[in-house]
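K.L.:
Sequence first, then the predicted structure, then my questions.
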Amino acid sequence: MLQTFWHLVIEHIEVFLFAALPIVELRGAIPLGLALGMSLQKAFIVSYMGSLLPSLPILLLYTVVMRYFVQIAALKRLVDWINKRLEKHRHHIERYGYIGLLIFVAIPLPGTGVWTGSGVAAILKLSRFRAFCAVAVGNLIAGLIITALSYPLWQN
């Protein structure tokens, strides 16, 4: 009984942390949760919460951390690469504002999720609260899309 409990806890933590990874986010975590035997609702909720985890630190600390990293020679190339990738998506969000940010995050494709949306919002110095709300709603929509696409595959 206790072993089963800890097994379930570990599975939930795995899905939560998997969802917090860049690129993977909830797009990969929802199917993982379903493959591990979670219910559709549980896989969605755990994945959604895990994928939102990086948003606030990115919105709050991105510019400070990157300013510090640029001063370290070994990390300068990484910072330049990250900024180049974020700049590629900047025009979508600049043109349409918070609605553009929401739509950008809602598109369930690699590179259009919470990490990128939060990073671009930080670069554009958007209101952190409004940006977080747009990212959260966009992520919710992406999660619903992935859940709807995953549902037929995992019906018992």
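P.N.:
Structure received.

K.L.:
low-scoring stretches of the chain, by residue?
P.N.:
Along the chain, segments meeting pLDDT under 70 span 1-3, 153-156.

K.L.:
where do the helices sit along it?
P.N.:
Remark: helices assigned in the chain by DSSP state H are 2-19, 25-35, 40-52, 55-70, 73-106, 114-123, 128-150.

K.L.:
The residue nearest to Leu53 when sequence neighbours are not counted: how many residues sit nearby?
P.N.:
Nearest non-adjacent residue to Leu53, counting by Cβ to Cβ, 6 or more residues apart in numbering: Ala20, 4.5 Å away. C-beta coordinates here come from the backbone N, C-alpha and C atoms, glycine included. Applying other Cβ atoms under 10 Å, we find 21 residues neighbouring Ala20.

K.L.:
give me every residue that touches the residue minimising distance to the centre of the chain.
P.N.:
In the chain, the residue lying closest to the centroid (Cα atoms, centre = their mean) is Val114, at 3.3 Å. When contacts are counted by Cβ atoms under 8 Å, 6 or more residues apart in numbering, Val114 is found next to Glu25, Ser51, Leu52, Pro54, Ser55, Val105, Val135, Asn139.

K.L.:
now do 10 Å
P.N.:
Neighbour list for Val114: 19-20, 22, 25-26, 50-55, 58, 105, 132, 135-136, 138-139, 142 [criterion: Cβ atoms under 10 Å, 6 or more residues apart in numbering].

K.L.:
Just the buried ones from those residues, in PyMOL syntax?
P.N.:
Of the contacts of Val114, the buried ones go into a single PyMOL selection, burial set by 16 or more other Cβ atoms under 10 Å:
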select buried, resi 19+20+25+26+50+51+52+54+55+58+105+132+135+136+138+139+142
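
K.L.:
how close does Ala134 sit to Leu26?
P.N.:
According to Cβ to Cβ, to the nearest Å, Ala134 stands 16 Å off from Leu26.

K.L.:
Correction: the previous question concerned Ala131.
P.N.:
18 Å.

K.L.:
which non-adjacent residue is nearest Leu75?
P.N.:
Nearest non-adjacent residue to Leu75, counting by Cβ to Cβ, 6+ apart: Phe69, 4.2 Å away.

K.L.:
which residues does the closest residue to Ala136 other than its chain neighbours contact?
P.N.:
Counting by Cβ to Cβ, 6+ apart, the nearest residue to Ala136 once its immediate chain neighbours are dropped is Leu52, at 6.1 Å. Contacts here follow Cβ under 10 Å, 6+ apart; on that basis Leu52 touches Ala19, Ala20, Glu25, Leu26, Val114, Ser118, Phe132, Val135, Ala136, Asn139, Leu140, Gly143.
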